[in-house]
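> Next one to model:
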Amino acid sequence: MYVMLRKTKESVLGLLRRPCSGKHLVALIGAAALLIWLVFLVAGDYPTLRYRSEPNVLYLEEVPDDDENGTRGIDGLDKPELKINPKTKLDVDADRENNDADYNWRNLTPAEISRLSVLGRRMFLNENIGAKQDRIFTIHIWNHKKFSGELDERFFKTGSSKKFDPFEDCSVNNCKVTSPDGDIMAADIVLFHMHLIPGPPVNVPRAPGQLWAWLADESPYHVMMVSSDRNLSHFNGFFNWSMTYRMDSSVPTPYGRTVALPKEKYVEAIEDFYKLKTKNVSLMGSNCGGSNGRYKYLAELQKYIEIDVYGGCGPLKCEGHFYTNCDKLDDYKFYLAFENSNCDDYVWWNALNKSAVPVVMGAPKHNYQKLLPPNSFIHVDDFKGPEHLAQHLQ
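You can find the predicted model right below:
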């Protein structure tokens with residue numbers, strides 16, 4: 001039995017070893033998930049990936065320029081290669097919360113497992129590794145004052161307009177978060193949100209031994225939106241950790257993840273799913289573009305099947321789709337979860353938290369198989385085209 005955990009609202013760029021392609025129920029973690037995962041990594045006695053000490057370490061590969069599929073690259077990239085020193089081999093027989101049959105149900109390859117950080121192994125392999133330290137750790141959010149409106153939604157709000165304590169339901173109690181600029185020198189780690197950073201943090205004060213984390217919760221097509229310098233080589237040498245939606249980040253912060261429940265726990269099954277649904281297919285969207293031609297695909301799909309479109313990209317309205325779930329979508333059998341970019345591991349929470357079967361477009365199918373419960377979604381790549389998919393959804 002599996003249960004889907006999700007982190008609400010937005011989350012996370014990519015430590016991309018492979019560029020984006022142009023083709024193409026639920027237990028809540030709380031919006032504090034992003035901080036909680038970081039807490040486990042900071043407060044544990046874990047090895048550190050020292051990007052800063054390696055002058056040849058870059059964080060993204062080139063996203064290709066316009067190609068036959070209409071993919072646009074990021075200006076200023078000079079085809080950097082990701083280079084990371086090999087990690088120390090960890091004991092794969094560490095204590096696990098579930099039995100060995102559940103240990104690698106995601107079917108990660110040995111190469112994929114080797115790229116997981118210690119926190120990644122805790123999250124995706126259920127390894128019980130790392131030790132709590134007897135001290136208080138300080139997590140500082142850089143430039144929070146200037147961008148508090150956007151950063152608060154990511155760190156302190158989830159499905160609500162009110163702030164909450166990110167550690168309220170966290171098993172770790174030896175961490176605190178600061179945001180005033182004057183607190184930066186006392187922090188153990190500083191988070192830089194790359195969606196909002198104006199450029200390389202050359203003039204930001206840094207304490208000796210302080211960790212800096214590159215945090216990004218969008219695909220590479222939408223990162224560094226306000227930066228005057230988007231040449232990634234100019235950011236080299238500043239950051240110790242990556243903190244993105246990718247499973248192979250130093251601090252993985254996916255929109256959600258699936259965990260195998262212990263055998264003695266059961267989830268009450270819905271006896272007749274279809275009898276509870278009065279409508280067929282829906283989509284909600286506010287960004288009516290995308291590098292992958294998703295709305296062109298939608299227009300073609302609508303020729304063969306009726307689709308109710310909510311939000312800024314359609315005639316139907318439902319309040320609060322960024323802060324709360326739209327209850328109107330509960331009536332549908334299928335929900336079109338079309339991402340704005342086809343990038344590895346980029347699976348937004350809409351694919352995870354609707355009371356409908358998600359029809360997904362975005363990351364390759366094997367990425368969804370690692371993150372979502374088995375047999376819980378429909379991928380557009382399994383069909384010859386929109387007409388074939390429409391026939392399946394009828």
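
> correct me, but P220 touches S341?
Yes: counting by CB atoms under 8 Å, a contact exists between P220 and S341, whose distance comes to 7.5 Å. Placement of C-beta: from N, CA and C, glycine included.

> And for P315, the neighbour number?
Around P315 there are 8 other residues, counting by other CB atoms under 10 Å.

> Just the pLDDT for it.
We have a pLDDT of 76 for P315.

> Next: V359.
Reported pLDDT for V359: 92.

> Can you tell me the closest non-neighbouring residue to it?
Spatial nearest neighbour of V359, excluding adjacent residues (CB to CB, 6 or more residues apart in numbering): I378 at 4.7 Å.

> mind listing what A356 touches?
K277, S282, L329, D330, Y332, K333, F334, Y335 (CB atoms under 8 Å, 6 or more residues apart in numbering).

> Not counting residues beside it along the chain, what's closest to it?
Nearest to A356 is Y335, by CB to CB, 6+ apart, at 4.0 Å.

> A strand includes that neighbour, no?
Yes: counting by DSSP: H, G, I helix; E, B strand; the rest coil, Y335 falls inside a strand.

> residue contacts, it?
Taking CB under 8 Å, 6+ apart as the contact definition, Y335 lies against V281, S282, L283, M284, L329, N350, K354, A356, V357, P358, V359.

> So for the helix or strand encompassing the second one, mean pLDDT?
Element membership of S282 [criterion: DSSP states H and E] is strand 279-284. Mean per-residue pLDDT for strand 279-284: 88.

> helices or strands up against that strand?
strand 308-310, strand 332-338 (3 or more CB pairs under 8 Å, 6 or more residues apart in numbering; DSSP states H and E).

> Confirm that K296 sits in a helix.
Yes: K296: assigned to a helix according to three-state DSSP.

> picking up where we left off before, between the strand holding S282 and strand 332-338, how many degrees?
Counting by axes from the mean of the first three to the mean of the last three CA atoms, to 10 degrees, strand 279-284 lies at 30 degrees to strand 332-338.

> How about the backbone phi and psi for V177?
phi -110, psi 140 (degrees, to the nearest 10).

> Nearest spatial neighbour of it, chain-adjacent residues omitted?
Leaving aside its sequence neighbours, V177 sits nearest to I139 (CB to CB, 6+ apart; 5.0 Å).

> where does the one you found fall, phi/psi-wise?
phi -110, psi 120.
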